[in-house]
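>>> Got a predicted structure plus its sequence, pasted below:
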Amino acid sequence: MSQALQVVVLKPSKYTVDGDVERFRRGFMPNSTVPYVRSMTPQMVDDTPIEVHSIDEYVHTNLDYLSLLKPSPGGRTLLALVGVQSHQFHRALDLAAHARENGCMVVIGGPHAMTCDTSSLQGRGISFALAEAELIWHQILQDAVDGELQPVYGRDQRWQQELDAPVIVPPVKEDLKRYVVPMLGLYPARGCPFLCNFCSVIKIAGRKIRSQSISTTLDSLRMAKAAGVQTIMFTSDNFNKYPEAETLLTAMIDERLGLNFFVQCDTQIARQEHLVELLAKAGCFQMFVGVESFNRQTLLAAHKGQNRPGTYQEIVRLCRSYGISSHFSNIIGFPQDTESEVREHLAVLREMSPTWASFYILCPIPGTEQYDDFLEQGLINEKNLDRFDTTCLTWKHPCFTQERMSQLLFDCYRKFFSLGHAMQNVRNELRIRKPGVLKRSMGGMAMSMFSRYSAWQCRHPMSGGIRRVRLDTASDYRRLRQQTFGFDLAPLPRSLQLPTAELALQPGR
């Protein structure tokens, strides 16, 4: 038997405006990719044992895991930086450079590598994964066992035609304790049929909805419950477009799994009352909906014509009727927005009174159609990819400065999460009389207070968790970044075009 290959599957955090690595004592949302890739990894490749370590930097409050980034005793180490988004790219590069300096093999995957041109960084001893893990992970492991990675994986095909997903091995109890409640993220389906120009999902997962088998999802849920998981985050982008949604929910009801879960739905859920009823019976506690704007013309300009603001109130009503919290996501700073329009949006939202709301600043995400348009027009004035996280203004808005946009963002949080709104949520909970109503009411009140407190501190409430921890900073890696890549800041990337093989997964082609 060969000596073991140590595999470190790591979701990198990001650098804050102050240069800190963003970390929290307790996280709000689990990363779905880390346990997914962990569960795809076999125990053996040929006659080589595989030893896997799973890390989510956002909730690791010590630096012990950095000691893994060196060859294991008598063997080799592969660092797989997964789920890397553009605002996490610098952190991923720094960890990659650190690992390479210590003799590890490194591959970077996720949205940035899949949708942005990284050719200028290739050939420096760090590999890039341009495709879904199912297509390339086993080849990466085989090459790591053989001792040398290829510069690029998945150049010719981005997506798997049919999902062949693993049953998810849940995190160990020590890792579950890193979150506010023990939770696990699952993707029963991937893809989005819509064409929103500011969203990267269709470039990452395609427009065709691809589902994993119901039995795989149910087995993952059973294992999660047995491991002590209490909450599931179904992180598929449009749960109500998932063809097997009703079948899965019915099976969960019949089996009485007793797991609370969160879903994301598009606004067309307003016409799917039966699905909302099933969601409630199966244990759904919150529905996240990207309403984004109340201005129909703004939505059309953003290619989000599927949203009709006249249906938003019906979503609130349906959720309230069945005891589900409605969570409306809002974008401020569209090109057509003025300050009066942002304030009018907030007034309408407060009158509509969804249970929760989150607010983001319009950001041209690298790899999206909007990013390409803004880049071509010379509108993007932010050079640091760390800032492309939807909490900063990164382009030349005709009506707002960066400072004023930031002020409006936190004003929205402070004014929406008023004491009156929190009390109304409690009254709505008491009216439904579901089991655990007191616990949910107190949790909701605490979340409202946390949102107001975060906004008062000018920190985004949805940044990832509570009780921020300061351990290391970007400056600790500056010399190594310059030495390895020859820059302080990565240049703004060009977008990758879809490989020819993916055109079949694009509806209407």
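Yep, that arrived.
>>> which residues in the stretch 1-150 of the chain form strands?
5-11, 24-27, 44-45, 48-56, 76-81, 105-108, 127-129 (DSSP state E, counting those that start in this stretch).
>>> among those, which is nearest residue 322?
For the strands of the stretch 1-150 of the chain, proximity to residue 322 was assessed by Cβ to Cβ; strand 24-27 is nearest, at 27.7 Å. C-beta coordinates here come from the backbone N, C-alpha and C atoms, glycine included.
>>> so which of the strands of the stretch 1-150 of the chain gets nearest residue 246?
strand 24-27 (30.8 Å).
>>> residues of the closest one that come out buried?
Applying a neighbour-count criterion of 16 or more other Cβ atoms under 10 Å, one finds 24, 27 buried in strand 24-27.
>>> Show me what that strand is packed up against.
strand 465-468 (3 or more Cβ pairs under 8 Å, 6 or more residues apart in numbering; DSSP states H and E).
>>> can you confirm residue 278 is in a helix?
Yes. Counting by DSSP: H, G, I helix; E, B strand; the rest coil, residue 278 is part of a helix.
>>> circling back: okay, the strands of the stretch 1-150 of the chain in a markdown table with distance to residue 448 and mean pLDDT next?
Output for these, formatted as a markdown table (distance: least, Cβ to Cβ, whole Å; pLDDT from 0 to 100):
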| stretch | distance to residue 448 | mean pLDDT |
| --- | --- | --- |
| strand 5-11 | 28 | 97 |
| strand 24-27 | 17 | 92 |
| strand 44-45 | 49 | 94 |
| strand 48-56 | 26 | 95 |
| strand 76-81 | 35 | 97 |
| strand 105-108 | 38 | 98 |
| strand 127-129 | 40 | 98 |
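>>> Turn those strands into TSV, including distance to residue 63.
Listed next are the strands of the stretch 1-150 of the chain as TSV, based on distance: least, Cβ to Cβ, whole Å:
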stretch	distance to residue 63
strand 5-11	13
strand 24-27	15
strand 44-45	29
strand 48-56	11
strand 76-81	15
strand 105-108	18
strand 127-129	24
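>>> Can you get me a residue count around the closest residue in space to residue 137 that isn't next to it in sequence?
Of all residues not flanking residue 137 in the chain, residue 40 sits nearest, at 5.5 Å (Cβ to Cβ, 6 or more residues apart in numbering). Residue 40 has 19 neighbours, counted by other Cβ atoms under 10 Å.
>>> what sits against residue 40?
133-134, 137, 166 (Cβ atoms under 8 Å, 6 or more residues apart in numbering).
>>> which among those residues gets closest to residue 245?
Once Cβ to Cβ is applied, the member of these that ends up nearest residue 245 is residue 166, at 20.8 Å.
>>> So the closest one, which state does it fall into?
coil.
>>> residue contacts, the closest residue to it other than its chain neighbours?
Spatial nearest neighbour of residue 166, chain neighbours left out: residue 39 (4.2 Å); criterion: Cβ to Cβ, 6+ apart. Applying Cβ under 8 Å, 6+ apart to residue 39 gives the contacts 166-169.
>>> and which of those residues is nearest to residue 141?
Looking across the contacts of residue 39 and measuring by Cβ to Cβ, the closest to residue 141 is residue 166, at 13.8 Å.
>>> what's the burial count for that closest one?
17.
>>> the longest helix in this structure is where?
Across the chain, the helix with the greatest residue count (assigned by DSSP state H) is helix 437-456.
>>> Show me what that helix packs onto, helices and strands only.
helix 402-416, helix 419-432.
>>> Endpoints of stretch 197-212, how far apart?
Taking Cα to Cα, to the nearest Å as the measure, stretch 197-212 stretches 27 Å from start to finish.
>>> helix or strand for residue 289, which one?
strand 284-292 (DSSP states H and E).
>>> Quick one: residues in contact with that strand.
231, 260-267, 269, 276, 279, 299, 302, 304, 307, 309, 312, 315, 319, 324-331, 355-356, 440.
>>> before we move on, the earlier item: give me the buried positions along the longest helix of the chain.
440-441, 444-445, 447-448, 451-452, 454-455.
>>> between these, which is closest to residue 12?
residue 454 (22.5 Å).
>>> And that closest one, how far from residue 447?
10 Å (Cβ to Cβ, to the nearest Å).
>>> pLDDT below threshold where in the chain?
1, 432-441, 501-509 (pLDDT under 70).
>>> Show the end-to-end separation of stretch 153-169, please.
25 Å.
>>> among the contacts of residue 39, who's most crowded?
That'd be residue 168 among the contacts of residue 39, by other Cβ under 10 Å, with 24 neighbours.
>>> Nearest to residue 68, out of the helices and strands packed on helix 437-456?
Here helix 402-416 is closest among the helices and strands packed on helix 437-456 (Cβ to Cβ), at 37.2 Å.
>>> which of the residues in the closest one are buried?
402, 405-406, 408-413, 415-416.
>>> how about a markdown table for those residues, with distance to residue 3 added?
A markdown table is the format used below for the buried residues of helix 402-416 (distance: Cβ to Cβ, whole Å):
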| residue | distance to residue 3 |
| --- | --- |
| 402 | 52 |
| 405 | 54 |
| 406 | 52 |
| 408 | 57 |
| 409 | 52 |
| 410 | 53 |
| 411 | 58 |
| 412 | 55 |
| 413 | 52 |
| 415 | 60 |
| 416 | 56 |
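>>> is it true that residue 322 touches residue 277?
Yes. If you go by Cβ atoms under 8 Å, residue 322 and residue 277 touch, sitting 5.9 Å apart.
>>> So between the two, which is more surrounded?
Each of residue 322 and residue 277 has its neighbours counted (other Cβ under 10 Å); residue 322 has more, 18 against 15.
>>> any idea how far residue 335 is from that one?
37 Å.
>>> Type out the ChimeraX command that picks the buried ones from the contacts of strand 284-292.
One line in ChimeraX is enough to select the buried members of the contacts of strand 284-292, burial here meaning 16+ other Cβ under 10 Å:
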select :231,260,261,262,263,264,265,266,267,269,276,279,299,302,304,307,309,312,315,319,324,325,326,327,328,329,330,331,355,356,440
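>>> what residues are up against the closest residue to residue 195 other than its chain neighbours?
Excluding the flanking residues, the one nearest residue 195 by Cβ to Cβ, 6+ apart is residue 303, at 4.6 Å. Residues in contact with residue 303 (Cβ under 8 Å, 6+ apart) are 194-197, 369.
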